[in-house]
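1. give me a model of this one.
(one chain, ligands or ions: 2)
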Amino acid sequence: MQNETLRPENTPAGLAGFTPSISRSANAHREGTLLDKYGRRITYVRLSITDRCDFRCTYCMSEEMTFLPRQEVMSLEECLRVASVFVGLGVNKLRITGGEPLVRKDVMWLIERLGALPGLKNLVLTTNGSQLERFAQPLRSAGVKRINISLDTLQAERFRNITRIGELGKVLAGIEAARAAGFTRTKLNTVMMRGVNDDEFVDLVRFAVDQELDISFIEEMPLGEIHGRGNTFISSEETRSRLAEHFDLIPSTESSDGPARYWRIPGSESRIGFISPHSHNFCDTCNRVRITAKGELYPCLGQNDASNLLPALRSGDDAAVRQLIVDSMGIKPYGHDFTQQMDAPQVVRFMSMTGG
Ligand code: SAM
Ligand code: SF4
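-> Ligands and ions are numbered 1, 2, ... in the order given. All right, here's what the predicted structure looks like:
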């Protein structure tokens, strides 16, 4: 099925008139649900809309990154179409990520249309916060429900060292702008690194509590060729027991529909989460897949198998895109098998490629 208005070469001239379509062809998955071969229902997609970023976090990128040529990156129309097809298959939660999603030109064009997609209940975003001062209000108006902001330190010089080029002040202003725009349950994501930021975990939790934010501590994952990870790895368990010396941590059964396990601090609304791909593998209940900026569908963050949706997207054939997605459920593995051998990459892609 061809549709002239959906062709990528119409971008950006065609942006204004574009309306997403959801194919109802014979190739459509009958029940409108995506089930993998282990019976897990896929309702959550993480969509990377760029591999570029205005930071170069040491755990995420190498210093000299080579980014994708622009023609290999999905156009905004293609991003919208792939999201529409997923929603037609029962996906109700979409996280926009990257790279840094807010450095993508015309990003609001896409987000406004995603926010208006019938059936998409939960449109959320992961950002480094650098552009939030400018974007918080438009994001809120477009229907983004919740924002995750990465923050590994509250010290300006350390922030610069971790991100290589970022400014802490901009991110703090972004956090404030998110609050002013009316976002609630904003969550900080902190990658735990021994000898880099582990002396700040208590301060980061205090900051989260003071600012009425949630915070999740993330175990570093061996994605991409980055040296020296083995020396910095800290498990969630260690961090939690260190935090328990300062806070009364009460286990919570709450879930944010993601891999984090949460604890509460009495008297505070903040949730303290731990994302533990190594120590507490969360694959049993995995409900998600990832789409890279170049239109590859990765059924699992920790494996290298993927389906390329881009040729079907570029030929304007949404029915074929839909069929590829349904078929890719057959290659969703039971789980990842990250070991704590952190010095060698266990997955060759950088996190900025697959989308966190
Ligand atoms: N640029 C945005 C940001 O930083 O929030 C979105 C993309 S970033 C790849 C998404 C998340 O992945 C961030 O919270 C980041 O800290 C995390 N991340 C990147 N590389 C990681 C790694 N090797 N292990 C664990 N988390 C990682
Ligand atoms: Fe950019 Fe996010 Fe990766 Fe840092 S973690 S380099 S902000 S994509």
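2. CA only for contacts and neighbour counts going forward, please
-> OK.
3. got the residues of the stretch 1-150 of the chain near ligand 1?
-> Counting by Cα under 6 Å from any ligand atom, the residues of the stretch 1-150 of the chain close to ligand 1 are 59-60, 97-100, 126-128, 149-150.
4. those residues in strands, which ones?
-> Using DSSP state E, the members of these that fall within strands are 97, 126-127, 149-150.
5. if we check ligand 2, which of the residues of the stretch 1-150 of the chain next to ligand 1 are in contact?
-> 60, 98-100, 128.
6. for ChimeraX, what selects the buried ones among those?
-> This is the ChimeraX syntax for the buried subset of those, where burial follows 16 or more other Cα atoms under 10 Å:
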select :60,98,99,100,128
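7. in CSV: the ones next to ligand 2 among the residues of the stretch 1-150 of the chain next to ligand 1, plus distance to R290.
-> Output for those, formatted as CSV (distance: Cα to Cα, whole Å):
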residue, distance to R290
C60, 17
G98, 11
G99, 13
E100, 15
N128, 19
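8. how about the ones next to ligand 2 among the residues of the stretch 1-150 of the chain next to ligand 1 in JSON lines, adding pLDDT?
-> Formatted as JSON lines, the entries for these read as follows, by pLDDT from 0 to 100:
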{"residue": "C60", "pLDDT": "93"}
{"residue": "G98", "pLDDT": "96"}
{"residue": "G99", "pLDDT": "97"}
{"residue": "E100", "pLDDT": "98"}
{"residue": "N128", "pLDDT": "98"}
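9. list just the nearest of the ones next to ligand 2 among the residues of the stretch 1-150 of the chain next to ligand 1 to T190.
-> Comparing these against T190 with Cα to Cα places N128 closest, at 10.9 Å.
10. how about low-confidence regions in the stretch 101-250 of the chain?
-> The stretch 101-250 of the chain contains residues with pLDDT under 70 at 224-228.
11. in it, what residue is nearest ligand 2?
-> Per Cα to the nearest ligand atom, the residue of the stretch 101-250 of the chain with the smallest distance to ligand 2 is N128, at 4.7 Å.
12. show me the contacts for that residue.
-> By Cα atoms under 8 Å, 6 or more residues apart in numbering, the contact list for N128 reads 100, 149-151, 171.
13. at 7 Å what do you get?
-> When contacts are counted by Cα atoms under 7 Å, 6 or more residues apart in numbering, N128 touches 100, 149-150.
14. break down the stretch 101-250 of the chain into its strands, ranges please.
-> In the stretch 101-250 of the chain, the strands defined using DSSP state E, counting those that start in this stretch lie at 122-127, 146-150, 187-191, 214-218, 250-251.
15. now mean neighbour count and distance to F207 too, for these, in TSV please.
-> What follows is these, written out as TSV (neighbours: other Cα atoms under 10 Å; distance: least, Cα to Cα, whole Å):
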stretch	mean neighbour count	distance to F207
strand 122-127	22	18
strand 146-150	22	13
strand 187-191	24	10
strand 214-218	25	9
strand 250-251	14	18
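16. in TSV: the contacts of N128, plus distance to Y298.
-> Formatted as TSV, the entries for the contacts of N128 read as follows, by distance: Cα to Cα, whole Å:
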residue	distance to Y298
E100	19
I149	23
S150	22
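17. and which of the residues you listed is nearest to P299?
-> Distances from P299 to the contacts of N128, taken as Cα to Cα, are shortest for E100 (21.3 Å).
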